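> Generate coordinates for the sequence data below:
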Amino acid sequence: MFQNLAVFESAQAMAIHAGQRQAVIAQNVANADTPGYVARDLPSFTDIYGPGEGSAFSQRATRHSHMNGSPSNTAEATTEQDKSFASPDGNTVSLETEMLRATEAKRQHDRSLAIYKSALNILRSSLGRQ
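All right, here's what the predicted structure looks like:
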């Protein structure tokens, strides 16, 4: 019954994605003064893991009358270049944009922890423990 709890795997994938995005943002900030550096960013969590054909979280039938969404950790997070801003030396890092992205990554990480904690509380309650 409790062998495949997809909510925990989803929360873990969300936390890992937030950590990877924070690392890319930190690298962008560290290279804010490097001439010719092109800022990078990860695709959003829903773009990588969202529902859809070939997605890590796409549904699959395990029997005729049962559908089970089972995430696998096979999706790779690839960075994409952000060229929406450019300084005269060719650097595309905007510290204001990176601050906003860092805030989004923190919120995503906090959300993943809240999902994990809530699912754990539900699991404990179903077992009769507090």
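> doesn't V93 make contact with N31?
Yes: with contact defined as CB atoms under 8 Å, N31 reaches V93; the gap is 6.4 Å. Any C-beta I mention is one placed from the backbone N, CA and C, and that applies to glycine too.
> neighbour count winner among the two?
Between N31 and V93, V93 has the larger neighbour count (other CB atoms under 10 Å), namely 23 against 17.
> for the protein, which spans come out with low pLDDT?
Applying pLDDT under 70 to the chain flags residues 1-3, 51-80, 129-130.
> centroid residue for it?
With distances taken as CA atoms, centre = their mean, the residue of the chain nearest its centroid is H17 (3.1 Å).
> Where does E9 fall, secondary structure wise?
Per DSSP states H and E: E9 is located in helix 6-30.
> what helices or strands is that helix leaning on?
Helix 6-30 sits against strand 39-41, helix 45-49, helix 95-126, with contacts defined as 3 or more CB pairs under 8 Å, 6 or more residues apart in numbering; DSSP states H and E.
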